[in-house]
Each structure stands twice: as C-alpha cells, then as structure tokens.
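requesting a structural model of the entry that follows:
(chains A and B)
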Amino acid sequence: MKVFMDYTDEELVSLFQSGDSQAFEALVTRNLPSVYAFCFRMTLSKDEAEDISQEVFLKAWTKIAQFEKTLSFKAWLIGIARNTSIDFLRKKKPYVFSQYETHNDTNTLTDSLTDSLPLADEIFESKEQQETLIQMLSEIPIEMKTILILKHQSNMTFEEIAVIQKKPMNTVKSQYRRALILLKEKWHMHQNAI
Amino acid sequence: MDHNLQKAFTDSSIPSFSDTLEKRIMYRIEQHKTQKSRVYQFGMKFISLFSLTGTVFLGIKTAGYLSTSGFFEYLSLISSENVSLLSYWKEIGGVIADSLPITGATTLLLLTGIFLWSIGSWYKPLRLTLQTV
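Below is the predicted model of the structure:
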C-alpha cells in the first residue's frame, strides 16, 4: 500500500481503470475518513454512517467508469455519499421538508427574513452548545442541511457543491444563506426555550 | 455565523469508525464481484446451451435440405471431367447457388459463432481457475 502514497486520487483512479485492483483499496483508505464524517453528520449515527459508507464505496467501484475528471475524486465520492445518505434518510422516515419551498428553489418564508439576530461568539465557546447546534441540523430541510455539511464538514467550494447538487451556483449560495438564517432562528428558539 | 458554524463543525466530535470498516468495504466489493461473475457465467452457459441446441437442430435441417435440393449432385459435377462444364460454368454456378439454403446456412454460421464465443467466455475463466487449484 505504501507504494501508492505519492499518487493523487485521480492517478489512482487511472491505475485502477488500467487493472490495478490495489489502487482502489488505496482510494478507500485515503477517502474513508471524509466519507464517513460526511455520512455521520447526515445521519448522526455511527452504525448508519458505517453502513452508508460501505454502500458509497461499492457504488464508486461499480460507477468508476463514469468518473469525469472535471470534479476531484473526493468531490465525486462525496456526491455519491450525498445521494446515498439522502436516499437512506428518505427511506428511514419522511424527512421534514420545508412547507414554504417552491418549485423554483425559492423559499417564501426565509427569503423574507433578514439576518437580524447575530450570534454572539461566546455562544460557541461551550462544546455542549456546539454539539447542540450540530444536532439542530436535522431540524432544517435536508437540501439545506446537506449544503451546510458539504461546505463546513467536507470543505467544498460553492462551485463544487453546485456540481454535486446539480444546481446553479447562485441557487446554492441562496440556499446556503437561507440555511444559515433558518438555523439561527432554530437556535434562538432553542435558547429562549431554555 | 458561518465562521462560528465552521468552528462548531471542527470542534464537534465525530466517533471514530470501526477498525474493520475498511475490510468490510473490500469484502463487500469482492462479494459483489463474485456475484456479478456468477450471473455472467450463468448467462453465458445459457447462451451456450441455447446456441448449441440451435446449431444441432439447424445443422440437421440444412443437411436434409441440401441432400433433397440436389446440391451435392450439382457439386459432384465440378469434380467430374466433363468438358462442357467449362462452357456452362455460369449456369451450373447459378444452379448450385439456387440449391443452397442461404438463410438456413447463414443462421447456422451465426449460431455456431455465438456458441463458440459464449463457450470461450466461460471456459477461459474456468480453465484459469482449474490451473490455479
């Protein structure tokens, strides 16, 4: 396995496509932590994240011929993880989709909201509160939650997220903004309830 | 807020995955490969059997047709030392072609080709497996 350390993911894909099956094992070793982390953030369950990670790599193995080098391998893999996680969550239970969502990806409620409730930095100094905020992600619509996880957990750019979500970049940016506002609303409601 | 959110994502812990996860992934891929190969082998064996049956059936039919159509008699004329053959070669060629079951013979050739291709595709991996045992 050591022999693959100098190769990029994309070079390993080429090696695998030319018949070196060990190259795929190296890709799994290298990308498993980020795929698992993404799946864990989506499901908030270790067991489910492990099951989905298995599914993701199996899908990647079967679809590797479809891999286009316009995206990085990691982004392509996270794209598969995104779809697999969403399918899993949808099968598991009907996810709360925003009743305000319209067909053209606009949201009548959150678009009318202004960012008037800034969050104090000290709020996030407590680890417990940070965990609470992460848990609250499951209370916002799945598409918005996915964008936040792609941006902050997988460190994707808006451009990469747009390709993964198959949406225009401006739509992604606007959904991201709405997600932040919605999360902030939820956070303040939670704080007031305490 | 996105700065704070980034901090929350970074600081919030993620339980580490099982040590066996990577092995389980590779095992699942191997299982999938085996299953896929079994389906392929089964399909190929089915095609082999189907094309062999067709080849035998059509072979008998074509041979029967050739003997009743007089094809062999016309063909034997070529090997005879009859001089008039040279002057009537066009006519005799036409008669031979007429007595040939073109569709049957083409289908027979096609089925034989499919049979050889399908048997080759499942016999090759079988031979490799036998060699390694």
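
and the helices in chain A?
Assignment of helices within chain A using DSSP state H yields the ranges A:9-17, A:21-43, A:46-63, A:73-92, A:127-135, A:142-152, A:158-165, A:169-193.

among those helices, which is the most enclosed?
Mean neighbour count (mean count of other Cβ atoms under 10 Å in any protein chain shown) peaks for helix A:142-152 among these, with a mean of 23. For every residue, glycine as well, the C-beta is placed using N, CA and C.

neighbours around B:Val95, how many?
16 (other Cβ atoms under 10 Å in any protein chain shown).

for it, which non-adjacent residue is closest in space?
Distance criterion Cβ to Cβ, 6 or more residues apart in numbering or on different chains; nearest residue to B:Val95, sequence neighbours excluded, is B:Tyr74 at 5.4 Å.

quick one: that neighbour and B:Ser99 touch, right?
Yes. If you go by Cβ atoms under 8 Å, B:Tyr74 and B:Ser99 touch, sitting 6.0 Å apart.

in which helix or strand would I find B:Pro15?
Taking DSSP states H and E as the definition, one finds B:Pro15 inside no helix or strand.

what's the burial count for it?
10.

pLDDT averaged over the longest helix along chain B, what's the number?
Longest helix in chain B by number of residues (criterion: DSSP H): helix B:21-69. Taken as a whole, helix B:21-69 has a mean pLDDT of 90.

rewinding a little: what's the burial count for the residue nearest to B:Val95?
Around B:Tyr74 there are 17 residues (other Cβ under 10 Å).

any idea how far the residue lying closest to A:Ser138 once chain neighbours are set aside lies from B:Arg28?
Closest residue in space to A:Ser138, ignoring its immediate chain neighbours: A:Leu44 at 6.4 Å, by Cβ to Cβ, 6+ apart. To B:Arg28, A:Leu44 is 23 Å away according to Cβ to Cβ, to the nearest Å.

the helix-or-strand element of chain A with minimal mean pLDDT vs chain B: in contact?
Counting by mean pLDDT, DSSP states H and E, chain A has its least confident helix or strand at helix A:127-135, which shows a mean of 80. Yes. Part of helix A:127-135 sits near chain B under the criterion Cβ under 8 Å from any Cβ of the partner chain, namely A:127, A:130-131, A:133-134.

returning to that earlier point: just give me the lowest mean pLDDT stretch among the helices of chain A.
Mean pLDDT per stretch puts helix A:127-135 lowest among the helices of chain A, at a mean of 80.

any idea how far chain A is from B:Tyr65?
B:Tyr65 is 47 Å from chain A, where distance means Cβ to the nearest Cβ, to the nearest Å.

picking up where we left off before, any residues touching the next helix or strand after the longest helix of chain B, and which ones?
Per DSSP H and E, the first helix or strand lying C-terminal to helix B:21-69 is helix B:71-79. The contact list for helix B:71-79 (Cβ atoms under 8 Å, 6 or more residues apart in numbering or on different chains) reads B:66, B:85, B:92, B:95-96, B:99-100.

got a pLDDT number for B:Leu75?
72.

near it, how many residues? Count them for me, please.
Counted by other Cβ under 10 Å, the residues lying close to B:Leu75 total 13.

buried subset of the contacts of helix B:71-79 as a PyMOL selection?
Command for PyMOL that selects the buried part of the contacts of helix B:71-79, burial taken from 16 or more other Cβ atoms under 10 Å in any protein chain shown:
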select buried, chain B and resi 66+92+95+96+99
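
among the contacts of helix B:71-79, which two are most distant?
Spatially, the most separated pair among these is B:Leu66 and B:Leu85, at 20.4 Å (Cβ to Cβ).

near chain A, which residues of chain B show up?
Checking chain B against chain A by Cβ under 8 Å from any Cβ, the hits are B:1-2, B:4-9, B:11-15, B:17-18, B:21-22, B:24-26, B:28-29, B:32.

up against chain B, what does chain A have?
Checking chain A against chain B by Cβ under 8 Å from any Cβ, the hits are A:24-25, A:28-29, A:32-33, A:36-37, A:40-41, A:46, A:49-50, A:53-54, A:57-58, A:61-62, A:115, A:118-119, A:121, A:123-124, A:127, A:130-131, A:133-134, A:148, A:151-153, A:180, A:183-184.

same thing but 6 Å
Residues of chain A found near chain B (Cβ under 6 Å from any Cβ of the partner chain) are A:28, A:36-37, A:40, A:46, A:50, A:54, A:57-58, A:61, A:119, A:124, A:130-131, A:133-134, A:152-153, A:180, A:184.

so who does A:Met156 touch?
Going by Cβ atoms under 6 Å, 6 or more residues apart in numbering or on different chains, A:Met156 touches A:Leu150.

would you mind measuring from it to chain B?
From A:Met156 to chain B the distance is 12 Å (Cβ to the nearest Cβ).

and the pLDDT at that residue?
93.

and A:Tyr7, how many residues sit next to it?
Neighbours of A:Tyr7 using other Cβ under 10 Å come to 16.

same check, this time on B:Ser79
Using other Cβ under 10 Å, B:Ser79 has 8 neighbouring residues.
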